[in-house]
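Novice: pasting a predicted model and its sequence here:
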Amino acid sequence: MPSTRLVLTPAQRTELHTRERSRRGRADAARRARVLLLLSDGDTYASITVKTGCSSRTIALWKRRFEADGLAGLAARHRGSKPTVLTPALQARVLAWTRRAPPHGATHWSTRSLGRKLGVQHTIIARAWRAAGLQPHRLERYMRSTDPDFETKAADVIGLYLDPPQHAVVFCIDEKTAIQALDRLDPVLPLSPGRAERHGFEYYRHGTLSLYAALNTQTGEVVGRTAARHTSAAFVQFLQTVVDTQSRRRELHIIVDNLSAHKTQQVRTFLVAHPQVQLHYTPTYSSWLNQVELWFSKIERDVTARGIFTSVTDLRRKLMRYIKHYNKTATPFRWAYADPARRIA
């Protein structure tokens, strides 16, 4: 049986000790030096495996290479793939391919799929996308108004926000329809350190109702009323409720959307009977111009999204209770239009 002992010259032992103790060299080079030093000390393959984590095959490989070529034989034979540098030409190629549809049927590229296509590392693709501000995995939607009088109507609404008429009050009115009174069938597990509140997936729906809301843009206070359905008659009744909150002679400017229930004969009759009330319609597909939508998103987050309601009556009570407490500390929204000169004359 051949001996596993390795004979080293004083110069070789000194160099191997230097490599083993080095804190700046490669870790694999230090491990090979230690293997050879242990072999020269008479350690067996089994003990070297325990001390270094190298297999017997690896130990025999580096012993054979050292005996053949000396210290030069300890150099790694496989240098790995050549690192790819993100040059301007490569970045332009990556960006050009990013804008093309993938041939494998996907809707967008991933870093790995495009890296395989171009033969580069996926980290290079990620670096190129990050430098160009591209995020192919994300999707944003937009709403385009087709109203030919968009500028005129939008300027009218924005003018009421930024420069309302003197001695007048501006309300934003809309309805949040089909609010579900959902009751959970499973117990709600409360939040605890490191764990969020948990709801069971099963629920029972007791019914729905609609919430009418009028936001006073100058004070931030909300006038609310619920209804079983959102009809034109219910809208007119709510308009009367809003009018009753103000003095008879005070001028009211009310911003509403283009829902058909807001333009019926009942509404026109109401406006004739109340000449101090004037409706201002937002452009089509421009609900973002109505400030009450901001308040609706708030009440959804605070009440309806995670609420548990044992009946429609319970839902109505909790909605009105929230409005009552909200009005105690209500403040107007700090509303701003990004660039009025861009679309609004």
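Specialist: Yes, it's here.
Novice: the stretch 101-250 of the chain: helices as residue ranges?
Specialist: 111-118, 122-132, 150-162, 232-244 (DSSP state H, counting those that start in this stretch).
Novice: need the ones you listed in a markdown table with mean pLDDT, distance to Lys324 and mean neighbour count, can you?
Specialist: Bear in mind the C-beta positions are built from the backbone N, C-alpha and C, glycine included. Shown next, in a markdown table, are the helices of the stretch 101-250 of the chain (pLDDT from 0 to 100; distance: least, Cβ to Cβ, whole Å; neighbours: other Cβ atoms under 10 Å):
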| stretch | mean pLDDT | distance to Lys324 | mean neighbour count |
| --- | --- | --- | --- |
| helix 111-118 | 94 | 52 | 17 |
| helix 122-132 | 94 | 49 | 17 |
| helix 150-162 | 91 | 26 | 17 |
| helix 232-244 | 93 | 15 | 17 |
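Novice: for Ala336, give me the pLDDT.
Specialist: pLDDT for Ala336: 68.
Novice: got it, and Lys324?
Specialist: In this prediction Lys324 is given a pLDDT of 95.
Novice: run a quick neighbour tally on it.
Specialist: Lys324 has 11 neighbours, counted by other Cβ atoms under 10 Å.
Novice: how much space separates Ser247 from Arg268?
Specialist: Look at Ser247 and Arg268: by Cβ to Cβ, to the nearest Å, they are 24 Å apart.
Novice: who has more neighbours, those two?
Specialist: Arg268 (11 against 8).
Novice: closest to Val272 out of the helices of the stretch 101-250 of the chain?
Specialist: For those, proximity to Val272 was assessed by Cβ to Cβ; helix 232-244 is nearest, at 12.1 Å.
Novice: how about stretch 48-60 as PDB, C-alpha atoms only?
Specialist: Extracted in PDB, the C-alpha atoms of stretch 48-60 (Å, rounded to 0.1, in the frame of the first residue of the first chain):
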ATOM      1  CA  ILE A  48      -7.400  15.200   7.500                       C
ATOM      2  CA  THR A  49     -11.000  14.900   6.300                       C
ATOM      3  CA  VAL A  50     -12.300  15.600   9.800                       C
ATOM      4  CA  LYS A  51     -10.000  18.600  10.300                       C
ATOM      5  CA  THR A  52     -10.500  20.200   6.900                       C
ATOM      6  CA  GLY A  53     -13.700  18.900   5.400                       C
ATOM      7  CA  CYS A  54     -12.000  17.700   2.200                       C
ATOM      8  CA  SER A  55     -12.800  14.300   0.900                       C
ATOM      9  CA  SER A  56     -10.100  11.600   0.500                       C
ATOM     10  CA  ARG A  57     -10.400  12.000  -3.300                       C
ATOM     11  CA  THR A  58      -9.600  15.700  -3.000                       C
ATOM     12  CA  ILE A  59      -6.700  15.100  -0.700                       C
ATOM     13  CA  ALA A  60      -5.200  12.500  -3.100                       C
END
